[in-house]
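Peer 1: Generate coordinates for the sequence data below:
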Amino acid sequence: MTKSAVVPVTSLLVVLLSIPAIAQDDESQTIALEKILGNPQPFEGLTVTMAVQFHQLGRLDGPVFTKFEKDWYQNFSAWPDASNLWEKKDYINDYQYFFISRHSKGASQIIHASPYSRWLVTVQVAEIFNGKPWFEVKGLRKLDKSV
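Peer 2: Model prediction:
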């Protein structure tokens, strides 16, 4: 192989190796929870990342309508990160349709989460029922600062 042929092959190899990293960045966009709740349909099936404030564990179970059976998924509620929880209208409007697999690493983290703790969650907008998105949590990370 000549020296002039090595340069294009090397360049091509660098480009091909960088494609998965680019694709991974595009798979999950950071979007505010409020934006998805305002118009969930365009997000159905997408994976997005959002910051939320954890409220509490839930007991939702809808096996007739969805895959989120309580034996397999832990349900929890959270507020949008921008919520002013000292105001009643924000406090009473937590969003309860977050589901995390009980077999995931993050399940034990969320089960022991403190109310008002902030989390960066990566979710798939798995389903939409009655205009409300149901989120399957694919990953989460606790943020340092809480409300």
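Peer 1: so Asn84, which of the three states?
Peer 2: Following DSSP: H, G, I helix; E, B strand; the rest coil, the label given to Asn84 is coil.
Peer 1: tell me the contacts of Gly139?
Peer 2: The contact partners of Gly139, by CB atoms under 8 Å, 6 or more residues apart in numbering, come to Gly106, Val121, Thr122. Using the backbone N, CA and C atoms, a C-beta is placed for each residue, glycine as well.
Peer 1: give me that answer again for 6 Å
Peer 2: Taking CB atoms under 6 Å, 6 or more residues apart in numbering, we find Gly139 in contact with Thr122.
Peer 1: Secondary structure element for it, which one?
Peer 2: strand 132-142 (DSSP states H and E).
Peer 1: starting at the chain centroid, how far to that strand?
Peer 2: Offset of strand 132-142 from its chain centre (CA atoms, centre = their mean, to the nearest Å): 3 Å.
Peer 1: Next: stretch 83-95.
Peer 2: 20 Å.
Peer 1: Report the buried residues of that stretch.
Peer 2: By 16 or more other CB atoms under 10 Å, the buried positions in stretch 83-95 come out as Ser83, Asp94, Tyr95.
Peer 1: same deal with stretch 36-45?
Peer 2: Those would be Ile36, Leu37, Pro40, Phe43, for stretch 36-45 by 16+ other CB under 10 Å.
Peer 1: how distant is it from the center of its chain?
Peer 2: 13 Å.
Peer 1: And for stretch 70-84?
Peer 2: For stretch 70-84, the distance to the chain centre is 10 Å (CA atoms, centre = their mean).
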